[in-house]
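Undergrad: here is the input, now give the coordinates:
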Amino acid sequence: MMKVSELMDPKGVLLYAKIDNSADALGILVELQEGIGVITNGNAYYNAVSQRETFGGTTAIGGGIALPHASNAGVSAPGISALLLRRGVDWGAPDGQPVDLVFMIAVPPKSESLHLQILARLVNLLGRRDLVEALRTASNPQRFVELIAKTENACFAD
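TA: Next up, the predicted model:
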């Protein structure tokens, strides 16, 4: 099993961003993924993720967290970018809470099982309140990724 923390690069993490809506947040996350070399066709990937949000239902999981994701030909390697917003935005969350912590999961086509494994592990990790609170106060992207790695290593011995 691939570790979530190994799919993250501090260069793919933006903290305390001033963004007013989910569409802009998705655009920034795609740019971050392009910056770390995970996405080769940002427009195609953005459209796939937007479509997923629109027709597949929201990727907000409650507690101020959303996990937009898609498998698309514009993706060259699995990767995760993350965004911490200064102020939460409406993401159509089941609990009605605004979302301020967003993780975008990108996987290449025909990687469904990896896609589901990453999603399941991320949901499991983000179910830990102490981790989520620490992420929301992370001092820098390096620390943000370290917090995830530390929690992941403590929770999953693989």
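Undergrad: any stretches of the protein with poor pLDDT?
TA: For the chain, the stretches with pLDDT under 70 are 157-158.
Undergrad: could I get the full set of strands for it?
TA: Per DSSP state E, the chain carries strands over the ranges 8-17, 60-62, 65-66, 69-71, 79-89, 99-107.
Undergrad: rebuild the ones you listed as a markdown table, extending it with distance to A25.
TA: The way it works is simple: take the backbone N, C-alpha and C, and place the C-beta from them, glycine included. Shown next, in a markdown table, are those (distance: least, Cβ to Cβ, whole Å):
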| stretch | distance to A25 |
| --- | --- |
| strand 8-17 | 8 |
| strand 60-62 | 11 |
| strand 65-66 | 8 |
| strand 69-71 | 14 |
| strand 79-89 | 6 |
| strand 99-107 | 6 |
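Undergrad: what segments of the chain are helices?
TA: Taking DSSP state H, the helices of the chain run over residues 22-35, 42-55, 112-126, 129-136, 141-155.
Undergrad: so which of the ones you listed is the most surrounded?
TA: helix 22-35 (a mean of 20; mean count of other Cβ atoms under 10 Å).
Undergrad: closest one to N153 among the strands of the chain?
TA: strand 8-17 (13.6 Å; Cβ to Cβ).
Undergrad: partners of the closest one, with directions?
TA: strand 79-89 (parallel) (DSSP bridges).
Undergrad: middle-most residue in this protein, spatially?
TA: Per Cα atoms, centre = their mean, the C-alpha nearest to the average position across the chain is that of F103, at 1.2 Å.
Undergrad: so it touches S81, yeah?
TA: Yes - under the criterion of Cβ atoms under 8 Å, F103 makes contact with S81 at 7.5 Å.
Undergrad: can I get the helices of the chain in CSV including distance to I65?
TA: Formatted as CSV, the helices of the chain follow (distance: least, Cβ to Cβ, whole Å):
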stretch, distance to I65
helix 22-35, 12
helix 42-55, 14
helix 112-126, 5
helix 129-136, 7
helix 141-155, 13
